[in-house]
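**Student:** 3D model of this:
(2 chains)
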There are 2 protein chains.
Amino acid sequence: MTKKQVTIVGSGNWATAIARIVGKTVQMHNSEFDDSAVKMWVFEEVFEGRNLSEIINEKHENVKYLAGKKLPTNVIAVTDVVEASKNADVLIFVMPHQHLHKVCEQLKGNIKKSAIAISLIKGLATFHEKDIGLRLISNEISTSLGIDTAVLMGANLANEVAEDHFCEATIGTKNPQHGNELKKLFHTDNFRINVVEDAATVELCGALKNIVACGAGFSVGLGYGDNTMAAIIRIGLMDMIKCIELFYPGANMKTFFESCGFADLLTTCMGGRNRRVCEAFVKSNRPLAEVEKELLNGQSAQGPLTAKEVFEVLQAKNLTKEFPFFVAIHKVCSGETPAKNFLDLIR
Amino acid sequence: MTKKQVTIVGSGNWATAIARIVGKTVQMHNSEFDDSAVKMWVFEEVFEGRNLSEIINEKHENVKYLAGKKLPTNVIAVTDVVEASKNADVLIFVMPHQHLHKVCEQLKGNIKKSAIAISLIKGLATFHEKDIGLRLISNEISTSLGIDTAVLMGANLANEVAEDHFCEATIGTKNPQHGNELKKLFHTDNFRINVVEDAATVELCGALKNIVACGAGFSVGLGYGDNTMAAIIRIGLMDMIKCIELFYPGANMKTFFESCGFADLLTTCMGGRNRRVCEAFVKSNRPLAEVEKELLNGQSAQGPLTAKEVFEVLQAKNLTKEFPFFVAIHKVCSGETPAKNFLDLIR
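**Tutor:** Residues are numbered from 1 along each chain as shown, chains lettered A, B, ... in the order given. Model (predicted):
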């Protein structure tokens, strides 16, 4: 049996934390996986006068995105995404969503037909006019590359994963054989994987939780305590479940009890960037975009954007009344309704 | 139609916060309820040289247990529990569990046969040797008094409820008509009630969550962050679900999505007393009982006790292996296993 090659498509904070895991798991399962090299696609940048990829390969450390944490020496930075991916049997997509389309275009026709993919990207695929609905990033990858694409989501703040703290994650795939194989690549003593077949639910939880986190931020910003926070997270989860049932019917309720479900929601609402930005927005009384830029060094928070995308789809389908929570988040984020009226909207 | 009389059996922190709500709701529904008086049983004590009951009736404030918050003037302190309860159509039990047996003995035969009860007490009923299993406090009340007993549980820190912050709670009752009636007594703009028929699940969530909160405390005490906290809450909830299914089969999974379920669990794990005591216990490296006394002014935390009670039942039934999380909590609380090995026990 030829050993399987693994490539990580991405090299940011989360990608690097994952590379630390996968570099080790291929060694644990080296009868199945080629443990001599896990290629990691690095979008080349200059860091302190040197190419980031060279520093990574020399120091075994992503000094820009995960400083202070050593990578296994078998993780090899490769700057050409096609070169990094062409022989891969498993492609792990973990990169900023806005560049995914371009990367898939480059990979199209240049990867193994037998390869499988797994997406760790949390968000919704971009919409096309004739295709009004919530589209999955995994679907964007599988459609574009013609390969089966699983997802991995969970309560995983990257820096804590890099500290090897005990945590959990959920792999979603309709293909149990792929699920088994992928579990080997991620499961460790401190990164505990459950595999479920309800893949769309797993992926949508990862995207929609960011909307709820905005509500958590509003609540804290308005001066409310733990009771209100718990109520908002709960009501938000109800809209998540309803929304997933609407667009991808047949969700297994148990999936919401996996790490990708209420556990990830909880972590995101407690300390994630959407929560922080929305809290600061309410307290400052300034436009969200301004607060966002300041707090995230020019990056944007996913929650308000996802809320807008979901709102537009619901509006097109005449379903805004069915989702008072999601609509309320969008109205407050967009400035249409003052934050102080947020609770009135969801009562 | 004779208007229904409502009595609150208890006058502590939570009872007083609830009295503020019920004093108003009987006015909102005064065609059904007698809004001239909501009797509140006060265990008489002397506060700053005066009887607490007299202060409450004069100042309309429970200066000892909920200082600074006015009670509606129709809430009347009564120091004789039989006097307070004998004409009641609805008895709201919200008092320390350890005195419940004695109170029920006093009320037996002295209340209306047509009365109904609702318990807001979170915990497990005491065990009897020949009745090994998890017994419900609501069952203790209904058996003792011969009246139907519903429960109300939820993510409700008493002080935040007294601040009229937006929050939710769940009423559990097998009798939908009683559910409707009771909802009127509690539901307000800021205290949102859902009624479910899965009463045992509602009640057991309120008791078992305290075990999980101990695990949350260990995790923080050991220096772990949000990922580990989320994993522990999730794994703990899995044991809660399994345990409820074992002793009261047929739980509706949706009940765990109510306020009494994961929302209350969350609030308790974030800031409750069990979480705080167990965190301090791990950090201090001293016996739990010592830390508990210090932190809670001589009171005890419910979690370690509930963990012990559940452990003993599981042991008697030879089921400890099925509940690694609950067993781990008990072992660490009892000092049998050092806290630093906690995660090894649940891996």
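
**Student:** need the residues of the stretch 101-250 of chain A near chain B, please.
**Tutor:** Taking C-beta under 8 Å from any C-beta of the partner chain as the contact definition, the stretch 101-250 of chain A meets chain B at A:155-157, A:160-161, A:163, A:165-168, A:189, A:192, A:224-231, A:233-235, A:237-238, A:241. For glycine as for every other residue, the C-beta is placed from the backbone atoms N, C-alpha and C.

**Student:** right, and residue A:317 touches residue A:132 too?
**Tutor:** Yes. Under the criterion of C-beta atoms under 8 Å, residue A:317 is in contact with residue A:132, at a separation of 6.9 Å.

**Student:** for chain B, see how far away residue A:287 is.
**Tutor:** Separation of residue A:287 from chain B (C-beta to the nearest C-beta, to the nearest Å) stands at 25 Å.

**Student:** please apply the same query to residue A:102.
**Tutor:** Counting by C-beta to the nearest C-beta, the gap from residue A:102 to chain B is 31 Å.

**Student:** for the host helix or strand of residue A:312, packing partners?
**Tutor:** Of the helices and strands defined by DSSP states H and E, residue A:312 is found in helix A:302-316. Using 3 or more C-beta pairs under 8 Å, 6 or more residues apart in numbering or on different chains; DSSP states H and E as the contact criterion, the neighbours of helix A:302-316 among helices and strands are helix A:199-221, helix A:273-284, helix A:324-333.

**Student:** which residues sit against that helix?
**Tutor:** Among residues not part of helix A:302-316, those counted as contacts by C-beta atoms under 8 Å, 6 or more residues apart in numbering or on different chains are A:122-124, A:127, A:132-134, A:207-208, A:210-211, A:213-214, A:243, A:274, A:277-278, A:288, A:292, A:320, A:322-323, A:326-327, A:329-330, A:333-334.

**Student:** in the longest strand along chain A, which residues are buried?
**Tutor:** Among the elements of chain A assigned as strand by DSSP state E, the one spanning the most residues is strand A:33-41. Residues of strand A:33-41 classed as buried by neighbour count (16 or more other C-beta atoms under 10 Å in any protein chain shown): A:33, A:34, A:35, A:37, A:38, A:39, A:40, A:41.

**Student:** now render these as JSON lines, adding pLDDT.
**Tutor:** Formatted as JSON lines, the buried residues of strand A:33-41 follow (pLDDT from 0 to 100):
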{"residue": "A:33", "pLDDT": "98"}
{"residue": "A:34", "pLDDT": "98"}
{"residue": "A:35", "pLDDT": "98"}
{"residue": "A:37", "pLDDT": "98"}
{"residue": "A:38", "pLDDT": "98"}
{"residue": "A:39", "pLDDT": "98"}
{"residue": "A:40", "pLDDT": "98"}
{"residue": "A:41", "pLDDT": "98"}
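
**Student:** can you tell me which residue is spatially central in chain A?
**Tutor:** Relative to the mean C-alpha position of chain A, the nearest C-alpha, by C-alpha atoms, centre = their mean, is the one of residue A:122, at 2.3 Å.

**Student:** flag the shaky bits of the stretch 101-250 of chain A, pLDDT-wise.
**Tutor:** Within the stretch 101-250 of chain A, the segments meeting pLDDT under 70 span A:127-131.

**Student:** need the helices for the stretch 1-150 of chain A, in chain order.
**Tutor:** In chain order, the stretch 1-150 of chain A shows helices spanning A:13-28, A:52-59, A:81-85, A:100-107, A:137-145, with DSSP state H, counting those that start in this stretch as the criterion.

**Student:** check contacts around the nearest residue to residue A:278 once chain neighbours are set aside.
**Tutor:** Nearest non-adjacent residue to residue A:278, counting by C-beta to C-beta, 6 or more residues apart in numbering or on different chains: residue A:217, 2.7 Å away. Residues touching residue A:217, when contacts are defined by C-beta under 8 Å, 6+ apart, comprise A:274, A:275, A:276, A:277, A:278, A:279, A:280, A:281, A:282.

**Student:** tell me which of these is nearest to chain B?
**Tutor:** Distances from chain B to the contacts of residue A:217, taken as C-beta to the nearest C-beta, are shortest for residue A:275 (11.0 Å).

**Student:** list the contacts of the closest residue to residue A:57 other than its chain neighbours.
**Tutor:** Of all residues not flanking residue A:57 in the chain, residue A:77 sits nearest, at 5.1 Å (C-beta to C-beta, 6+ apart). With contact taken as C-beta under 8 Å, 6+ apart, residue A:77 is in contact with A:11, A:40, A:42, A:52, A:53, A:54, A:56, A:57.

**Student:** out of the residues you listed, which is nearest to chain B?
**Tutor:** Using C-beta to the nearest C-beta, residue A:11 is the member of these that sits closest to chain B, with 21.2 Å.

**Student:** in terms of pLDDT, where does that closest one sit?
**Tutor:** At residue A:11, the model reports a pLDDT of 97.
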